[in-house]
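[1] Sequence first, predicted coordinates after that:
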Amino acid sequence: MSWQASLNAAIRNLRAEEQNLERNLSRVRAAISALGGLSGKGAKRAAGATGSKGRRRLSAAGREAIAKAARKRWARWRAQKKG
């Protein structure tokens, strides 16, 4: 067998192995997705671990609304405490 034939055979073997790995990887991803859906965290989060999506972000208006409501609750609490 010539070196070119050996090289072509090696390339064919590598391509076949690549296809096998892709099939297995898709099965693993499907299993992770299914199990992620069962844990309550959602399949999207379990399967898409490419970036850290960690915490949710509040808009400035949302933060201000929460702060305003907290100030109102504290004011009511202080008023009840005094009188």
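    Noted; the coordinates are in hand.

[2] where in this structure is pLDDT low?
    Low-confidence segments of the chain (pLDDT under 70): 39-53.

[3] which helix is the longest one in it?
    Ranked by residue count, the top helix of the chain under DSSP state H comes out as helix 3-38.

[4] Does anything pack onto it? Which helices or strands?
    helix 43-47 (3 or more CB pairs under 8 Å, 6 or more residues apart in numbering; DSSP states H and E). C-beta here means a position set from N, CA and C on the backbone, and glycine is covered the same way.

[5] Tell me which helix or strand comes right after the helix it packs on.
    Using DSSP states H and E, the helix or strand that directly follows helix 43-47 along the chain is helix 60-82.

[6] Let me know the distance separating Arg56 from Gly36.
    18 Å (CB to CB, to the nearest Å).

[7] which of those two has more neighbours?
    Gly36 (18 against 5; other CB atoms under 10 Å).

[8] quick one on the thing from earlier: buried residues of the longest helix of the chain, list them for me.
    With burial defined by 16 or more other CB atoms under 10 Å, the residues of helix 3-38 counted as buried are 33, 36.

[9] next one: stretch 70-80
    Under 16+ other CB under 10 Å, stretch 70-80 has no buried positions.

[10] Output that stretch as PDB, nothing but the C-alphas.
    Only the C-alpha atoms of stretch 70-80 are listed here, as PDB (Å, rounded to 0.1, in the frame of the first residue of the first chain):
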ATOM      1  CA  ALA A  70     -39.900  48.700  50.600                       C
ATOM      2  CA  ARG A  71     -39.600  52.300  51.800                       C
ATOM      3  CA  LYS A  72     -43.400  52.400  52.000                       C
ATOM      4  CA  ARG A  73     -43.600  49.200  54.100                       C
ATOM      5  CA  TRP A  74     -40.900  50.500  56.400                       C
ATOM      6  CA  ALA A  75     -42.700  53.800  56.800                       C
ATOM      7  CA  ARG A  76     -46.000  52.000  57.700                       C
ATOM      8  CA  TRP A  77     -44.100  49.800  60.200                       C
ATOM      9  CA  ARG A  78     -42.500  52.800  61.800                       C
ATOM     10  CA  ALA A  79     -45.900  54.600  62.000                       C
ATOM     11  CA  GLN A  80     -47.400  51.600  63.700                       C
END
